[in-house]
Each structure stands twice: as structure tokens, then as C-alpha cells.
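**Student:** coords below, sequence missing:
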């Protein structure tokens with residue numbers, strides 16, 4: 001009996017959706033079967049508390065009757081409750097914990113989606129099937145990719161835990177740090193005519209350059225935001241070297257120039273981020289810095305005077321948001337002849 005065109009399409013759609021459904025179950029820890037009220041009840045969490053936590057994780061609101069939650073979601077909520085009960089997470093800070101966990105993982109997932117799409121395409125194009133596999137099984141290339149990603153991510157995570165433990169302050173979350181901002185001058189104007197592919201290449205190059213320079217200088221990248229990077233360093237000289245190296249390594253005719261602001265002082269390190277007026281000061285110094293230059297605050301300037309490798313020069317005081325009488329200091333290397341600011345800009 002001949003099949004209709006509609007029957008052929010239905011069969012093809014079923015064949016293609018089976019692996020997708022199996023992949024969904026693998027990624028989410030089971031099939032979607034619970035509503036938000038049910039998952040809250042199963043996890044022992046108040047409905048409002050669950051919704052707050054779900055939003056803190058970065059996920060959209062689920063309709064009341066939508067069965068979109070899995071056994072994996074329930075298990076994760078139980079694990080979080082265990083962290084609180086054991087005293088590892090302070091009660092009332094669950095949402096903060098969730099945000100700190102979710103934000104970098106969401107960015108990682110966005111990038112890895114391209115890898116996952118590529119693996120699915122390999123299997124659709126006739127990749128080798130596993131012995132004993134059945135229709136609807138997770139495709140072999142996808143299965144291999146997820147296994148390798150788990151292995152690499154677990155090791156890198158442990159390495160970062162070890163590094164964080166080494167630099168963790170003995171007295172709690174507050175410590176003395178140099179904080180640096182570096183941003184691209186004229187980013188909006190320069191990128192307005194770029195294609196998506198060209199912009200992606202430039203952003204990738206910028207983030208790669210920043211990550212390498214900061215890591216080699218002994219600092220830590222706190223976060224990148226499109227046209228800027230926030231970093232910290234425990235050693236003032238290391239911060240200055242990172243700040244000076246970033247515009248040098250990045251500089252090219254076809255790239256927007258980079259400028260850097262650095263400040264030093266007491267900083268609160270919490271959930272992977274940094275907070276204090278020192279962070280705001282570094283940001284304001286960046287806004288008044290010229291392209292290719294590095295400006296520091298009074299505290300960091302005083303510390304850098306002890307190092308013979310750097311020249312420190314006071315510039316004209318500025319009034320910026322949050323700082324009515326900001327004194328910037330220009331940093332350069334003593335061994336390199338650099339263009340000095342206009343006399344009118346100096347403080348005299």
C-alpha cells in the first residue's frame with residue numbers, strides 16, 4: 001500500500017524527534033513530568049521560595065499547568081537543601097548562591113550549544129552507530145561529547161577551586177586588592193558597521209587577549225562585558241604590568257584602542273565578584289583615561305613609587321560621578337619613552 005505524503009512527513013518527524021527527546025531526558029535527568037506546584041511539594045520547598053530560586057537560576061516562569069520539571073530538578077533542590085542544612089550555604093542566601101552558580105554556567109551553555117549542534121549534525125550525516133543501539137537512543141557523537149565535556153569541566157573546576165583556595169583571604173571575604181577595568185574606546189562606533197561574524201571574531205580576540213595577559217601577570221579575570229574586562233591582582237606591580245600590557249598586546253590598526261583604570265584598597269570578594277568603592281574608582285578612572293593609557297588612584301600610585309620600573313605622574317584633577325575631586329595618576333614604564341600628556345592636563 002502506498003503511503004501519503006503526510007504519512008511520510010509524520011514518520012520522518014517522529015524519527016527526528018525521538019533522539020531529541022532522549023537527549024532532553026539525558027540533559028535534564030529524566031522526562032518532563034511535574035508542574036511547578038508538584039516539584040515544590042516533592043522538594044519540600046514553599047512555592048514562592050521555589051519560584052524565586054528558579055528565577056535566580058535564570059529560567060523563565062513556567063505556566064501553572066505545564067509539566068516541565070524532572071526528577072533531576074527535584075534532586076537538585078534536595079541537594080541545595082542539604083547544603084543549607086549542613087551549614088555550607090547560609091540560610092536566606094540560596095538565591096544568591098543560585099545566581100552565582102547559574103550566570104557562568106549559562107554563558108558556558110550558550111557556547112557549548114554550537115558543539116552540541118555539530119555533534120547532532122554528525123550523527124544525522126551518518127556517523128557510526130554504537131553496537132546494540134536502538135532507534136531513539138542518544139546519538140553516539142552527542143553521548144561522546146557530553147562525556148568528554150563532563151570530564152574536562154570537572155577537572156578545570158577542581159583546578160580553579162585549588163587556585164581560589166590558595167588566594168582566599170584568611171580573615172574572610174575582605175582583602176587588599178588592586179582592581180582594574182579595561183575597555184575599548186569607541187566600541188559602539190567601530191562595531192556599528194561590522195557583520196555578526198566580524199564582531200564575534202573581535203570579541204573572541206579581545207577576551208582571549210585579556211585572559212592571557214591577566215593570567216600571565218598573576219591576576220584574575222572577574223568578568224568580561226562585551227567591550228570591557230574587570231580584573232584583580234594581589235600585587236600592585238603585577239596590576240600595573242597587566243594594565244600596561246593589555247593595550248600593548250591588543251593594539252592594532254583595525255582594532256579600537258584600549259584604556260585602563262586601576263585602583264587599590266579594601267575589597268569585598270563574594271560569590272566570584274568584587275565589591276567596594278575601589279571598584280567604582282577604577283571604573284571612573286577608565287572613563288577619563290586616554291586611548292592606550294593607564295591611570296591609577298592615589299593609593300596605587302603611592303605603592304608603585306616603590307618600584308623603579310614605573311614612572312608615576314599626576315594629572316589634572318577631575319570631577320566624575322561619585323568622586324568630586326578625583327586625582328588620576330598616569331603610569332608608564334621607565335624603560336620606554338612614552339608621549340607625555342599635554343601640559344594643560346598636568347596638576348602642576
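**Tutor:** Great, that's in hand. Model, not experiment: these values are computed from the prediction. Numbers count the residues shown, from 1 in each chain.
**Student:** switch to C-alpha atoms for all contacts and neighbour counts from now on
**Tutor:** Fine.
**Student:** where in this structure is pLDDT low?
**Tutor:** 1-22, 123-139, 167-172, 335-348 (pLDDT under 70).
**Student:** quick one, longest strand in it?
**Tutor:** When the chain is parsed with DSSP state E, its longest strand is strand 258-270.
**Student:** Can you show me the strands along the stretch 51-200 of the chain?
**Tutor:** Using DSSP state E, counting those that start in this stretch, the strands of the stretch 51-200 of the chain run over residues 174-184.
**Student:** Tell me which stretches of it form helices.
**Tutor:** Ranges of helices in the stretch 51-200 of the chain, per DSSP state H, counting those that start in this stretch, are 71-85, 94-124, 140-167, 187-191, 196-216.
**Student:** Of those helices, which is nearest residue 267?
**Tutor:** helix 140-167 (13.6 Å; C-alpha to C-alpha).
**Student:** picking that back up, of all the helices of the stretch 51-200 of the chain, which one is nearest residue 256?
**Tutor:** Using C-alpha to C-alpha, the helices of the stretch 51-200 of the chain put helix 187-191 closest to residue 256, at 6.3 Å.
**Student:** Give me the buried positions along that closest one.
**Tutor:** residue 187 (16 or more other C-alpha atoms under 10 Å).
**Student:** picking up where we left off before, as TSV, the helices of the stretch 51-200 of the chain with distance to residue 309 would be great.
**Tutor:** Listed next are the helices of the stretch 51-200 of the chain as TSV, based on distance: least, C-alpha to C-alpha, whole Å:
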stretch	distance to residue 309
helix 71-85	48
helix 94-124	37
helix 140-167	26
helix 187-191	31
helix 196-216	18
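**Student:** Of all the ones you listed, which one is nearest residue 260?
**Tutor:** helix 196-216 (11.8 Å).
**Student:** Other residues contacting the closest one?
**Tutor:** Helix 196-216 is contacted by residues 191, 220-221, 224, 226-227, 229, 231, 242, 245-246, 249-250, 255 when judged by C-alpha atoms under 8 Å, 6 or more residues apart in numbering.
**Student:** That helix: what's the following helix or strand?
**Tutor:** Proceeding N to C from helix 196-216, the next assigned helix or strand is strand 220-225, under DSSP states H and E.
**Student:** ok, and what's touching the next helix or strand after that following strand?
**Tutor:** Using DSSP H and E, the next helix or strand after strand 220-225 towards the C-terminus is strand 228-233. Applying C-alpha under 8 Å, 6+ apart, the contact partners of strand 228-233 are 177-184, 207, 210, 214, 218-224, 239.
**Student:** before we move on, back to that, out of the contacts of helix 196-216, which end up buried?
**Tutor:** Judged by 16+ other C-alpha under 10 Å, buried ones among these: 220-221, 224, 227, 229, 231, 242, 245-246, 250, 255.
**Student:** Could you find which two of those are furthest from each other?
**Tutor:** Between any two of these (C-alpha to C-alpha), the greatest distance is 23.9 Å, for 220 and 255.
**Student:** Okay, domains of this protein per the record?
**Tutor:** As given by automatic domain parsing, the domain ranges for the chain are 5-123+140-167, 174-345.
**Student:** for these, which one ends up most surrounded?
**Tutor:** With neighbours defined as mean count of other C-alpha atoms under 10 Å, the domains of the chain peak in mean count at domain 174-345, which reaches a mean of 18.
**Student:** sorry, back to before: could you save the buried ones among the contacts of helix 196-216 as JSON lines and add columns showing distance to residue 40?
**Tutor:** Formatted as JSON lines, the buried ones among the contacts of helix 196-216 follow (distance: C-alpha to C-alpha, whole Å):
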{"residue": "220", "distance to residue 40": "38"}
{"residue": "221", "distance to residue 40": "37"}
{"residue": "224", "distance to residue 40": "35"}
{"residue": "227", "distance to residue 40": "40"}
{"residue": "229", "distance to residue 40": "39"}
{"residue": "231", "distance to residue 40": "39"}
{"residue": "242", "distance to residue 40": "48"}
{"residue": "245", "distance to residue 40": "51"}
{"residue": "246", "distance to residue 40": "48"}
{"residue": "250", "distance to residue 40": "50"}
{"residue": "255", "distance to residue 40": "50"}
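**Student:** between those residues, which is nearest residue 49?
**Tutor:** For the buried ones among the contacts of helix 196-216, the nearest to residue 49 is residue 224 (30.6 Å; C-alpha to C-alpha).
**Student:** That closest one: what's it in contact with?
**Tutor:** Residues in contact with residue 224 (C-alpha under 8 Å, 6+ apart) are 207, 230.
**Student:** Please report how far it lies from residue 292.
**Tutor:** 19 Å (C-alpha to C-alpha, to the nearest Å).
**Student:** would you say residue 253 is within a strand?
**Tutor:** No: Residue 253 is assigned coil when assessed by DSSP: H, G, I helix; E, B strand; the rest coil, not a strand.
**Student:** Run through the bridge partners of residue 333.
**Tutor:** residue 310 (DSSP bridges).
**Student:** Next: residue 262.
**Tutor:** Beta-bridge partners, per DSSP bridges, of residue 262: residue 180, residue 296.
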